[in-house]
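Visitor: Predicted structure and sequence below. I'll ask about it afterward.
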Protein chains: 2
Amino acid sequence: MENLEKILRFIVEIEKLKDVHRKTRPVGLSRYENSAEHSWHVCLSALMLYQHADEPVDINRVIKMLLIHDLGEIDAGDTIIYASETPELKAAEAEGVKRVLGLLPEGMDTEFITLWYEFEAGETADAKFAKAVDRVPPLLHNLHGDGHSWRAHDVSKAQVFSINERIGKGCLALWELLKIKLNVAVTKGWLK
Amino acid sequence: MENLEKILRFIVEIEKLKDVHRKTRPVGLSRYENSAEHSWHVCLSALMLYQHADEPVDINRVIKMLLIHDLGEIDAGDTIIYASETPELKAAEAEGVKRVLGLLPEGMDTEFITLWYEFEAGETADAKFAKAVDRVPPLLHNLHGDGHSWRAHDVSKAQVFSINERIGKGCLALWELLKIKLNVAVTKGWLK
């Protein structure tokens, strides 16, 4: 009973991720995306894309990584990727992940904290693929939404091509396809 | 390339689940929950609860079920559970699931359509547990939110105890714990 109570407290705490707002809008919507629905979106995207990963991946581990990858934002908030990869922000996210997972019954957090660090390091095949998929929806939001987030945050063509190169580290064919679409956005003037 | 294009089209199509509104509000928020963030919430809840399932479950299959379980709502919409389990509504959801999964490269849909029907039937250990977990957040929303959805939709105590009995079919201890909390809601007058 005590352990179940702790898990219920965790389930209530993670509700807060539904109130962390990202910098892009879902296709067709005027509001900004939140990190909870984003997490679902990348999990299901990974499930459909993993057979195209360049190295074999364990899709079950990838999905677990993606289910928890943004939990640190409950405390640290969401920052646009083009400004977010600083040691200070990553440390704040790590603290947040540990606090939230620390609500679980004793010992349960270890597996998921380790998985979170693996994702962040982006070195294993699973993490490279998870990080690749994590970048796909924000690009699609901009590509289907007149580049709204690039324009609002003065993100340059060079930044978009550089940051999203990680897609190619998990799935090169997907990155090649997305680059074609990004170049169309450049010709339309959405990305400069 | 053609297959990747199809998967990207699917990834864009499922964005629509972020605009399907449910009948409860996430804890602490004044807006209604959408079915995309709900899907993430139940996947991560299942991951933390599955060791308490009464029968052994394959958590990876459970998570896949829960990632796709609401896709039919893109076409059929969300209906409160106390009125939704009619053959007509279930048929509309099945058609919706098939249409959306049908956007994927040929043959990819079969596994997931089968999984969706397994979830709906609720007979296997995995489906019983997935259906149990699916009911937990709406109860927590009401328990932490003055019974807002029960009161708004005139849902009776008898209905709540009867529909949510399925939690006990996947995890009896969890249902026993939630019944204690529901009885507190009764004494507070949130549930009549």
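Guide: Good, I have the coordinates.
Visitor: The residue minimising distance to the centre of chain A - nearest residue in space that isn't next to it in sequence?
Guide: By C-alpha atoms, centre = their mean, chain A has its centre lying nearest to residue A:134, at 3.9 Å. Distances taken as C-beta to C-beta, 6 or more residues apart in numbering or on different chains place residue A:42 nearest to residue A:134, at 5.3 Å, with adjacent residues excluded. C-betas here are computed from N, CA, C, even on glycine.
Visitor: That neighbour contacts residue A:135, correct?
Guide: No - contact between residue A:42 and residue A:135 fails when scored by C-beta atoms under 8 Å: they sit 9.1 Å apart.
Visitor: picking that back up, how near is the residue nearest to the centre of chain A to chain B?
Guide: From residue A:134 over to chain B the distance is 12 Å, taken as C-beta to the nearest C-beta, to the nearest Å.
Visitor: and that residue, what helix or strand is that in?
Guide: In this assignment (DSSP states H and E), residue A:134 forms part of helix A:125-143.
Visitor: If you count contacts, what does that helix end up packed against?
Guide: Helices and strands in packing contact with helix A:125-143 are listed as helix A:35-49, helix A:59-68, helix A:109-121, helix A:148-152, helix A:165-170, helix A:172-187, helix B:2-13; criterion 3 or more C-beta pairs under 8 Å, 6 or more residues apart in numbering or on different chains; DSSP states H and E.
Visitor: In chain A, where is pLDDT below threshold?
Guide: When the per-residue scores of chain A are filtered using pLDDT under 70, the ranges that remain are A:84.
Visitor: For it, identify the residue most remote from the centre.
Guide: Here chain A has its C-alpha centre computed as a mean, and the residue farthest from that point, by C-alpha atoms, centre = their mean, is residue A:1 with 33.6 Å.
Visitor: Could you find the closest non-adjacent residue to it?
Guide: Counting by C-beta to C-beta, 6+ apart, residue B:177 is the residue found nearest to residue A:1 once chain neighbours are left out, at 6.0 Å.
Visitor: I'd guessed the one you found sits against residue A:5; true?
Guide: Yes - Residue B:177 lies in contact with residue A:5 (C-beta under 8 Å); the separation is 7.0 Å.
Visitor: More neighbours: the two, which one.
Guide: Between residue B:177 and residue A:5, counted using other C-beta atoms under 10 Å in any protein chain shown, the more crowded position is residue B:177 (16 against 12).
Visitor: residues touching that one, list them.
Guide: Shown in contact with residue B:177 (C-beta atoms under 8 Å, 6 or more residues apart in numbering or on different chains): A:1, A:4, A:5, A:8.
Visitor: Could you measure from the third one over to chain B?
Guide: Meaning residue A:5. Residue A:5 sits 7 Å away from chain B when distances are taken as C-beta to the nearest C-beta.
Visitor: Convert stretch A:91-99 to CSV, retaining C-alpha atoms only.
Guide: Output of stretch A:91-99 as CSV, limited to C-alpha atoms (Å, rounded to 0.1, in the frame of the first residue of the first chain):
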residue,chain,number,x,y,z
ALA,A,91,22.4,20.5,-14.3
ALA,A,92,19.0,22.0,-13.4
GLU,A,93,17.3,19.4,-15.5
ALA,A,94,19.3,16.6,-13.9
GLU,A,95,18.3,17.8,-10.4
GLY,A,96,14.7,18.0,-11.5
VAL,A,97,14.7,14.5,-12.9
LYS,A,98,16.2,13.2,-9.7
ARG,A,99,13.7,15.0,-7.5
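Visitor: and that stretch, is it in reach of chain B?
Guide: No - Stretch A:91-99 does not reach chain B (C-beta under 8 Å from any C-beta of the partner chain); its nearest approach is 12.8 Å.
Visitor: Give me the residues contacting that stretch.
Guide: Applying C-beta under 8 Å, 6+ apart, the contact partners of stretch A:91-99 are A:68, A:71-76, A:109, A:112-113, A:116-117, A:120.
Visitor: what comes up buried for that stretch?
Guide: Of the residues in stretch A:91-99, those buried by neighbour count under the rule 16 or more other C-beta atoms under 10 Å in any protein chain shown are A:92, A:93, A:94, A:96, A:97, A:98.
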